[in-house]
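> got a sequence here, can you model it:
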Amino acid sequence: QVQLVESGGGLVQAGGSLRLSCTASGRTFSSWTMGWFRQAPGKERDFVAAIWSGGNTYYTDYTDSVKGRFTISRDNAKNTVYLKMDSVKPEDTAVYYCAAKSVRTGWNIPSHYTVWGQGTQVTVSS
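From the prediction side, this is the model:
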């Protein structure tokens, strides 16, 4: 059974940087679509970024509010996906979740993901 374990969350000042990591175990990782979502108190779980295989390359997508600030990447040798967060803002404060699924479509839809991590808190102070 696939498990995802996130790390790297914490408290950071506005304008600073943070890198989240998500390590998968149990099955072949390189072909999976990996996503990052976030959930602020009282709000729905929202798409942040995703990375998926397209033959000999990987494709990425981001929600508009993080484009140019966040970068998703993966290291298949380590079964790990990363979310580098730069120029963070107070509105980035949320619990960040890593998720995985075996198909490419619907990478920005939470219900399409079959495996979830436990979440890691990111708090951005102003």
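> now the residue nearest to Thr60 when sequence neighbours are not counted: how far from Gly68?
Nearest non-adjacent residue to Thr60, counting by CB to CB, 6 or more residues apart in numbering: Ile51, 4.9 Å away. All C-beta spots, glycine's among them, are computed from the backbone N, C-alpha and C. Distance from Ile51 to Gly68, counting by CB to CB, to the nearest Å: 17 Å.
> for this protein, what are the low-confidence residue spans?
For the chain, applying pLDDT under 70 flags the ranges 26-27.
> just checking, what's the longest strand in it?
strand 45-54 (DSSP state E).
> what packs against that strand?
strand 33-39, strand 57-62, strand 70-75, strand 80-85 (3 or more CB pairs under 8 Å, 6 or more residues apart in numbering; DSSP states H and E).
> Provide the strand pairings for it, with the direction of each partner.
strand 33-39 (antiparallel), strand 57-62 (antiparallel) (DSSP bridges).
> show the contacting residues for the residue nearest the centre of the chain.
Nearest to the mean C-alpha position of the chain, by CA atoms, centre = their mean, lies Trp36 at 2.2 Å. By CB atoms under 8 Å, 6 or more residues apart in numbering, the contact set of Trp36 is 20, 22, 48-50, 72, 81, 83, 96-99.
> what about the closest residue to Phe29 other than its chain neighbours, how many residues nearby?
Spatial nearest neighbour of Phe29, excluding adjacent residues (CB to CB, 6+ apart): Asn79 at 4.4 Å. Neighbour count for Asn79, taken as other CB atoms under 10 Å: 19.
> quick check: Asn79 vs Tyr97, distance?
Relative to Tyr97, Asn79 is positioned 17 Å away (CB to CB).
> could you do Asp64 as well?
Counting by CB to CB - Asp64 and Tyr97 are separated by 19 Å.
> what of Gly42?
16 Å.
> quick check, nearest of the contacts of Trp36 to Gly117?
Cys98 (4.1 Å; CB to CB).
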